[in-house]
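*Asks:* coordinates for the following, if possible.
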Amino acid sequence: MEETRREKRYGHTIFRDWCKQCGICVAFCPKKVFDRDPKGAPIVARPQDCIGCRFCELHCPDFAISITEKDQRN
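*Replies:* Numbers count the residues shown, from 1 in each chain. Down below sits the predicted model:
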C-alpha cells in the first residue's frame, strides 16, 4: 500500500489583547504569511503559505501568536 503525502496545514491564533503590534511576525516570517491591518495589527493574510517554522510564535515578545498543526484527515 502506497502512502500518499499530504501537505501540512497550520492554524494561526493571534491573541489581540496581548499583541502590541511590534511587527516582528510580519517582518521576519520567511514565507510572508502575515500582513498588517489598517491599524497596524498583524493579520494572517496567506495561511496556506505557512511552513510551520513557528518563528513568529517563538520570537513574539508578548506570546501573542500560537501556531498549531491542523488535522488533515478530512
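*Asks:* from here on, just use CA atoms for contacts and neighbour counts.
*Replies:* OK.
*Asks:* give me the low-pLDDT residue ranges for this protein?
*Replies:* 1-6, 72-74 (pLDDT under 70).
*Asks:* what bridges to the most centrally placed residue in it?
*Replies:* For the chain, the residue nearest the mean C-alpha position is residue 12 (4.5 Å; C-alpha atoms, centre = their mean). Partner residues in beta bridges with residue 12, using DSSP bridges, are residue 67.
*Asks:* residues contacting it?
*Replies:* With contact taken as C-alpha atoms under 8 Å, 6 or more residues apart in numbering, residue 12 is in contact with 44, 47, 65-68.
*Asks:* one more time with 7 Å
*Replies:* By C-alpha atoms under 7 Å, 6 or more residues apart in numbering, the residues touching residue 12 are 66-68.
*Asks:* please, a PyMOL command that selects the buried ones among the residues you listed?
*Replies:* Selection of buried members from those for PyMOL, criterion 16 or more other C-alpha atoms under 10 Å:
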select buried, resi 66+67
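*Asks:* nearest to residue 18 among the contacts of residue 12?
*Replies:* Nearest to residue 18 out of these is residue 66 (C-alpha to C-alpha; 11.8 Å).
*Asks:* neighbours of the residue lying closest to that closest one once chain neighbours are set aside, just the number please.
*Replies:* Excluding the flanking residues, the one nearest residue 66 by C-alpha to C-alpha, 6 or more residues apart in numbering is residue 13, at 5.1 Å. By other C-alpha atoms under 10 Å, 14 other residues sit near residue 13.
*Asks:* no further queries at this time; thank you.
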